[in-house]
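no sequence on this one, just coordinates:
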């Protein structure tokens, strides 16, 4: 059985070792796409793991990080139900 996390880390580590130190972001992306094992493209879990590890690697070399999800105005289902009930009473 495949260990998705370790395999992705190992393959990306090999790609990094084979790239020149001054490689730009585009070259790194291209090398990662070329080195992705077929298992990581054939299953949804594999695609998710590969994307996570690739993004983490590429962010170290200039890829802008994803925006954090805003949770300021987040209400839990219970809080939404209470707010809805209060609105109906008014």
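Good, I have the coordinates. All of these numbers come straight from a predicted model, not from anything done at the bench.

C-alpha from now on. contacts and neighbour counts both.
OK.

any idea how far residue 23 lies from residue 43?
30 Å (C-alpha to C-alpha, to the nearest Å).

can you check residue 17 too?
Distance from residue 17 to residue 43, by C-alpha to C-alpha: 27 Å.

which residue ranges of this protein form helices?
Using DSSP state H, the helices of the chain run over residues 4-18, 25-35, 39-42, 44-59, 77-89.

with mean pLDDT, distance to residue 66 and mean neighbour count added, can I get the ones you listed in JSON lines?
What follows is these, written out as JSON lines (pLDDT from 0 to 100; distance: least, C-alpha to C-alpha, whole Å; neighbours: other C-alpha atoms under 10 Å):
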{"stretch": "helix 4-18", "mean pLDDT": "95", "distance to residue 66": "20", "mean neighbour count": "15"}
{"stretch": "helix 25-35", "mean pLDDT": "96", "distance to residue 66": "16", "mean neighbour count": "14"}
{"stretch": "helix 39-42", "mean pLDDT": "90", "distance to residue 66": "22", "mean neighbour count": "14"}
{"stretch": "helix 44-59", "mean pLDDT": "95", "distance to residue 66": "9", "mean neighbour count": "16"}
{"stretch": "helix 77-89", "mean pLDDT": "86", "distance to residue 66": "26", "mean neighbour count": "10"}
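
any chance of the ones you listed in a markdown table, plus distance to residue 65?
Formatted as a markdown table, these follow (distance: least, C-alpha to C-alpha, whole Å):
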| stretch | distance to residue 65 |
| --- | --- |
| helix 4-18 | 18 |
| helix 25-35 | 14 |
| helix 39-42 | 22 |
| helix 44-59 | 6 |
| helix 77-89 | 29 |
